[in-house]
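> Task: produce atomic coordinates for the following.
(one chain, ligands or ions: 1)
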Amino acid sequence: MSVLHSISELIGQTPLLELHKLETGPCSLFLKLENQNPGGSIKDRVALSMINEAERLGHLQPGGTIIEATAGNTGLGLALIAAQKGYSLILVVPDKMSREKIFHLRALGAKVVLTRSDVNKGHPAYYQDYARRLARETPGAFYIDQFNNEANPLAHFSTTAPEIYAQLDGDIDAIVVGVGSGGTLGGLQAWFAEHSPKTQFILADPAGSILADQVETGQYGEPGSWLVEGIGEDFIPPLAHIEGVHTAYRVTDAEAFAAARALLQTEGVLAGSSTGTLLSAALRYCQAQTTAKRVVTLACDSGNKYLSKMFNDDWMRQQGLLSRPTRGDLTDFIA
Ligand code: PMP
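Numbers count the residues shown, from 1 in each chain. Predicted coordinates:
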C-alpha cells in the first residue's frame, strides 16, 4: 500500500460488500460502504466536489470562507476538507441538533452559529435563509447551498456511479437509494441512464416523507415526522429528479432501526439510521422478485453517532420501538 499525502485521498473508492446473512429472496444484494469515507459518510465525496468546483469557478479564493446550513454529514465533510485546504467554515445549525454533532463540528475547526429550530422557510432565522444572508454580508464568503449546487450530484456522477458499475462488471438490475438533498439519486440516475439504462432506481423513503407519494401519484399531502436522519423531505429537492424513480417503498422508523441493528449483528457493518431505511426497502424489493436480480444499496454513514439512539435498547424502548432486546426482534431479516 502506498503512502497518502492528504486525508482527501481516502475519499471514495469504497468497498462493495455482498450480504449473505440477510433474507434476499432470489437476489444478490450488495452494500456500498460509504461509512468508510474518512468523515464517516457519503457526503465527503460531495463536500470535496463542491469545494473543488467553487475553486474552479472562482467562487472561492485562498483563505476564503465557506458557509453552509447543516449540522449533518455535509457539515462534517466540509469541515474535513476546509481544514485541509485552509478555508474558514461557518455552519448555520438549527438549535435542536445534538450536542455531539456540534462538538464534532467545532472540534474540526468549524464555526457553528446556532439559530432557531422553531421557524419555517421565509423566516429570517430559518437556518437556510440565515446562511444565505450571512454569505451575502461576509466578504469573501461562498454559500455552498447543497440543495441547488450541481457539484453535489456531480460527485456521484463522476465517482460513486462508475465505481459501482466497475465493481459489478456492469451488471446491475436495481439501485436502492434515499433522498435528502437528492444528490445521490440525481447523480447516479444521470450516469446509469447513459451507461446502463436497464438499471432501475428504487426509492427508500421514511414513512411521513412526501417523496414516495410523489413517485406513486405525482401528488403529496401533509408531511409527518420520522426519527431516521439524513433522508426524507417535506418538499421535492430539484436535484433528485424524482421522476426517474421506478418504485418507492415507505419504511417506518421501527423497520429501519431493526434492519440497521440486524446489519450490525449479522454482517458486522456499523451503519446509520438511513442505511436501515435503504436496507429495509432493498430487502422488500429483493423478496418480491421472482427471478435472480443484482441489487445495490448504500451504507450512507457510520453508525457510531447513533450508539446512544437506535443501537441503545433503553432509547429504543422509550420510543416504543423495542419490546425485547434480543435477536428475536430481528428474525424478519435474518435468512
Ligand atoms: N443518508 C445520510 C445519513 C445523509 O446524511 C444523507 C444526506 N443528507 C443521505 C443519506 C442522502 O443523501 P443525498 O443528500 O445525496 O440525497
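> check whether the helix or strand containing Ile164 contacts the ligand.
Secondary structure from DSSP states H and E places Ile164 in helix 161-167. No. Applying Cβ under 6 Å from any ligand atom, one finds that helix 161-167 is not in contact with the ligand, the shortest distance being 12.4 Å. In this view, the C-beta of every residue, glycine as well, is placed from N, C-alpha and C.
> Listing partners with orientation, what would you give for the following helix or strand past that helix?
The helix or strand immediately downstream of helix 161-167 is strand 174-177, counting by DSSP H and E. Partners of strand 174-177 in the sheet, by DSSP bridges, are strand 200-206 (parallel), strand 294-298 (parallel).
> Pull the residues that contact the last one.
Yep, that's strand 294-298 we're talking about. By Cβ atoms under 8 Å, 6 or more residues apart in numbering, the residues outside strand 294-298 that reach it are 16, 24, 27-32, 34, 42, 164, 168, 171-177, 184, 204, 275, 278-279, 281-282, 285-286.
> Mind listing what's buried along stretch 144-153?
By 16 or more other Cβ atoms under 10 Å, the buried positions in stretch 144-153 come out as 144-147, 149, 151-153.
> what does that stretch contact?
Contacts for stretch 144-153 (Cβ under 8 Å, 6+ apart): 46, 49-54, 66-68, 70, 74, 78, 128, 132, 181-184, 186-187, 190, 237-239.
> Would you mind measuring the gap between the ends of it?
13 Å (Cα to Cα, to the nearest Å).
> touching the ligand at all, that stretch?
No. Using Cβ under 6 Å from any ligand atom, stretch 144-153 stays clear of the ligand, with a minimum separation of 6.8 Å.
> and that stretch, how far from the chain's centre?
14 Å (Cα atoms, centre = their mean, to the nearest Å).
> same deal with stretch 262-273?
The chain centroid and the centroid of stretch 262-273 are separated by 16 Å, computed with Cα atoms, centre = their mean.
> now do stretch 9-17
On Cα atoms, centre = their mean, the centre of stretch 9-17 falls 15 Å from that of its chain.
> okay, now Ile172: neighbour count?
20 (other Cβ atoms under 10 Å).
> Residue numbers of this protein in contact with the ligand?
Counting by Cβ under 6 Å from any ligand atom, the chain sits next to the ligand at 41, 43, 72-73, 178-184, 229-231, 272, 274, 300-301.
> again, only using 8 Å
Within the chain, the positions near the ligand by Cβ under 8 Å from any ligand atom are 41-43, 46, 72-74, 146, 152-153, 156, 177-187, 229-231, 237, 239-240, 272-275, 278, 298, 300-301.
> got the residue ranges for the helices in the stretch 51-200 of the chain?
Taking DSSP state H, counting those that start in this stretch as the test, the helices found in the stretch 51-200 of the chain are 73-85, 99-107, 127-137, 151-155, 161-167, 183-195.
> now the second one and helix 73-85, what's the angle there?
Computed with axes from the mean of the first three to the mean of the last three Cα atoms, to 10 degrees, the direction of helix 99-107 lies at 20 degrees from that of helix 73-85.
> next one: the third one
Helix 127-137 and helix 73-85 are oriented at 30 degrees to each other (the same axes, to 10 degrees).
> that older thread, could the strands paired with strand 174-177 be laid out in a markdown table, adding mean neighbour count and mean pLDDT?
Shown next, in a markdown table, are those (neighbours: other Cβ atoms under 10 Å; pLDDT from 0 to 100):
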| stretch | mean neighbour count | mean pLDDT |
| --- | --- | --- |
| strand 200-206 | 25 | 98 |
| strand 294-298 | 24 | 98 |
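> Dump those to CSV, plus distance to Gly86.
Formatted as CSV, the strands paired with strand 174-177 follow (distance: least, Cβ to Cβ, whole Å):
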stretch, distance to Gly86
strand 200-206, 38
strand 294-298, 31
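> check contacts around the residue of the stretch 201-335 of the chain found nearest the ligand.
Using Cβ to the nearest ligand atom, the single residue of the stretch 201-335 of the chain nearest to the ligand is Gly230, 2.6 Å away. Gly230 makes contact with 72-73, 178, 180, 272-274, 300-301, according to Cβ under 8 Å, 6+ apart.
> Just the buried residues from those, in ChimeraX please.
To isolate the buried ones among these in ChimeraX, judged by 16+ other Cβ under 10 Å, type:
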select :72,73,178,180,272,273,274,300,301
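> Once you drop chain neighbours, what's closest to Arg132?
In this structure, Arg132 finds its nearest non-sequential neighbour in Tyr143, 5.6 Å apart by Cβ to Cβ, 6 or more residues apart in numbering.
> Same check on Leu16?
Per Cβ to Cβ, 6+ apart, closest to Leu16 is Gln167, 4.4 Å.
> Any figure for the gap between the one you found and Phe201?
Using Cβ to Cβ, to the nearest Å, Gln167 is found at 18 Å from Phe201.
> repeat for Ala240
10 Å.
> Now do the shared contacts for those two.
Leu185.
> check contacts around Gly187.
Residues in contact with Gly187 (Cβ under 8 Å, 6+ apart) are 152-157, 160-161.
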